[in-house]
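# this is a predicted model, with the sequence first.
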Amino acid sequence: MDNILRFLFTRTSTSSSSSASHADSLPLSSISTQPPLPPSFTVPSTPFNNTDSLFIGNHIHFKNLTVQLYHSRWPACPYPPVPAHGTFYIRSIDNPNPREFRYYIEYVCSPGYTLVHGDRHNYCQQGGNWSGTTPVCLELNPCAENNGGCSQLCSYSRIYNQNLNQMQTTTQCHCRPGFALQEDGRTCRDVDECLLPAAASGCMFGCVNTAGSFHCQCPPGHSKLTADGLCHDTDECAANQGLGPCMHQCHNSAGSYRCSCTFGYILAADGHNCLPECPSGYRKFTAAPPENMTVQPLKGKCVDINECLEEMCEWRCVNLPGSHRCICPRGYTLQRDGQHCTDINECNQKNGGCSHHCVNRGGGYKCSCPASHRLSPFNWRKCSAKTNTAG
C-alpha cells in the first residue's frame, strides 16, 4: 500500500527514493503526471491532472467521480475543500498506527495572505470525514498581525508615494469612547469622567467612574440618572393602584413614603399592614361633638356590633357581646353554616317511638295505625286492635 501511495504522489514510477520523499511535501498543483494504477482500474477518457484529483485511502477522487480501487481498512475521505487564495500540501505521518492513514494535508495561503479562522492541518478520519475546520486566507495588512501593536482599535491606509514610485502603508491606533490615546500612540487609558466639569456639576449626589464611562449616584428613594443629569424621586405609591406596598393608604414623599390606615385600624409594626383597633365583633365608634364645641372630640371607643341587625339567621338571632348566635324552633336543628335550620326527622330514630307507623312533619311527627288498629287513648304512640261490641 505504501508503494502504491508513493507512486501516486511522484511524477514517474522510476523516480528515485529521494524524489519520492520530495513529493510528500509538494503542493497538489505541482503534481501533473498521471500516476500508475492497478490493472483493474480504467482511467476516464477525459483528460485530467492532479489539481482535479486526489488519492485518499483506497479511493481516487476526481471533481465529479470517486472510484474505489480495492478494499482497505484505511479511511477514505472526499477531495478536501481549498480556501480562496490558498492551497494545501500533502504531508506524511511517521509510523502511523494500523488504522491511521499515513498522509494528511497542510493548508497554506498565497503570498500577501495569512491563515485564520481554522486548522492548518486536517486528517482523514474513520467514517470518511476530514478533521478540523477549513481555514480562511485573509489579505495581510498592518492591523492583521497583533492588531498593529494597538491596545484597542487599529486602522491603516495605503498612499502612493510619487518620489519612491510605490504604495506605502501607514497605520494609526484609536481608542473606544471613554478612553484616551497615550503618548506612545498605541496604548489606550480610561478617562476618569468624574474629574471633568460636566460630570462634577451634573452628578448631584456623587459620581462613579467605570471603564470607558461613568454613572451618577442617587440616594435611596430616587431613580437613576436621567437625560437631564438629575436624580428624580421614586414614587413608591404609584404601583398597586396607588397603594404601593401599603395595605390601606400610601403617602409619597421626597426619597421615601409612609403608610396609614383607615378609621378603626392601626398600623402594624412592619409599617405596611393594618390591624383592627377593636377585637372581633366590635367596631370603633366616635360620637360627633356638638356644633358649638371647639375642642377635639373624645377618642373613639370600641362598641359591640349587633350582627342580628344584618338578618343573618333564618329563624331567630340572639346578639352576644362581640358575637351572635342563631337559634332554631323545636323540631329543627342548626346547619353547619350557623344560620339556617333543618327539620329533624324523628322517625329515623327508633321509628319515633311509634308501635306501627311514624309520619314525619315539619318540626314534629305523629304515629298512625293500620286499619285494623287505632291509637290507644292512653298512649298516642301505641296502637290497639279494634274490638266489635254488640249493639
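Structure received.
# surely residue 347 is in a helix?
Yes: checked against DSSP: H, G, I helix; E, B strand; the rest coil, residue 347 lies within a helix.
# look up the closest residue to it, ignoring the ones flanking it.
With C-beta to C-beta, 6 or more residues apart in numbering as the criterion, residue 347 has its nearest non-adjacent residue at 3.7 Å, and that residue is residue 358. C-beta here means a position set from N, CA and C on the backbone, and glycine is covered the same way.
# with residue 313 instead?
Setting aside the residues directly before and after it, residue 313 is nearest to residue 326 in space (C-beta to C-beta, 6+ apart), at 3.5 Å.
# quick check: which element contains that neighbour?
Taking DSSP states H and E as the definition, one finds residue 326 inside strand 323-327.
# what's the answer for residue 168, then?
Secondary structure from DSSP H and E places residue 168 in strand 166-174.
# alpha carbons only: can I get that strand in PDB?
What follows is strand 166-174, C-alpha atoms only, in PDB (Å, rounded to 0.1, in the frame of the first residue of the first chain):
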ATOM      1  CA  GLN A 166       5.400  52.800  -4.800                       C
ATOM      2  CA  MET A 167       2.500  52.300  -2.500                       C
ATOM      3  CA  GLN A 168       3.100  52.900   1.200                       C
ATOM      4  CA  THR A 169       1.000  51.700   4.100                       C
ATOM      5  CA  THR A 170       0.500  53.600   7.300                       C
ATOM      6  CA  THR A 171      -1.200  52.500  10.500                       C
ATOM      7  CA  GLN A 172      -2.900  54.500  13.200                       C
ATOM      8  CA  CYS A 173      -4.200  53.500  16.600                       C
ATOM      9  CA  HIS A 174      -7.600  54.700  18.000                       C
END
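# buried ones in it?
Under the neighbour-count criterion of 16 or more other C-beta atoms under 10 Å, strand 166-174 has 171-173 buried.
# do stretch 108-122 as well
Buried residues in stretch 108-122, counting neighbours by 16+ other C-beta under 10 Å, are found at 109, 113-115, 122.
# just how off-centre is it within its chain?
Using C-alpha atoms, centre = their mean, to the nearest Å, we find the averaged C-alpha position of stretch 108-122 to lie 39 Å away from the chain's own average C-alpha position.
# what lies in contact with it?
27, 80, 83, 85-89, 91, 104-107, 130-140, 144-145 (C-beta atoms under 8 Å, 6 or more residues apart in numbering).
# quick one: end-to-end distance for it.
One end of stretch 108-122 sits 12 Å from the other (C-alpha to C-alpha, to the nearest Å).
# next: stretch 271-284.
Taking C-alpha to C-alpha as the measure, stretch 271-284 stretches 21 Å from start to finish.
# same deal with stretch 171-189?
Length of stretch 171-189, first residue to last, C-alpha to C-alpha: 19 Å.
# mind checking how far that stretch is from the chain centre?
In this view, stretch 171-189 has its centroid 38 Å away from the chain centroid, taken as C-alpha atoms, centre = their mean.
# excluding sequence neighbours, find me the nearest residue to residue 109.
Closest to residue 109 by C-beta to C-beta, 6+ apart is residue 137, at 3.9 Å.
# number of nearby residues for the one you found?
Residue neighbour count, defined by other C-beta atoms under 10 Å, stands at 22 for residue 137.
# pretty sure it is touching residue 84, no?
Yes: between residue 137 and residue 84 there is a contact under C-beta atoms under 8 Å: 6.3 Å.
# list the contacts of residue 343.
With the criterion set at C-beta under 8 Å, 6+ apart, residue 343 makes contact with 331-332, 360, 362-363.
# which strand residues bridge it?
With DSSP bridges as the criterion, residue 343 is bridged to residue 332.
# under the pLDDT cut-off, which ranges of this protein? List them.
In the predicted model of the chain, residues 1-75, 98-101, 199-201, 225-230, 286-299, 388-391 satisfy pLDDT under 70.
# domain map for it?
2-139, 146-190, 346-385 (automatic domain parsing).
# what's stretch 233-249 in contact with?
221-223, 250-252, 254-257, 259-262, 265, 272-274.
# ends of stretch 358-367, how far apart?
5 Å.
# do you know how far residue 102 is from residue 328?
Using C-beta to C-beta, to the nearest Å, we find residue 102 at a distance of 104 Å from residue 328.
# thinking again about what came up before, and which of the contacts of residue 343 is nearest residue 203?
residue 332 (78.2 Å; C-beta to C-beta).
# ok, the closest one - contacts?
Applying C-beta under 8 Å, 6+ apart, we find residue 332 in contact with 315, 341-344, 363.
# related to what we said a few turns ago, where does the residue nearest to residue 109 sit: helix, strand or coil?
strand.
# what bridges to it?
Here residue 137 sits in beta bridges with residue 115, going by DSSP bridges.
# so who does it touch?
Contacts were defined as C-beta under 8 Å, 6+ apart; by that measure residue 137 touches 83-86, 109-110, 113-116.
# follow-up on the earlier one: so how far is residue 195 from the residue nearest to residue 313?
With distances taken as C-beta to C-beta, residue 326 is found 79 Å from residue 195.
# who's more crowded, these two?
A count of neighbours by other C-beta under 10 Å puts residue 326 above the other of residue 326 and residue 195, at 20 against 11.
# what about the more buried one, distance to residue 303?
Counting by C-beta to C-beta, the gap from residue 326 to residue 303 is 22 Å.
# do residue 269 as well
In this structure, residue 269 lies at 26 Å from residue 303, with C-beta to C-beta as the measure.
# and the two? which has more neighbours close in?
Legend: neighbour count by other C-beta under 10 Å for residue 269 and residue 303, higher for residue 303 (11 against 7).
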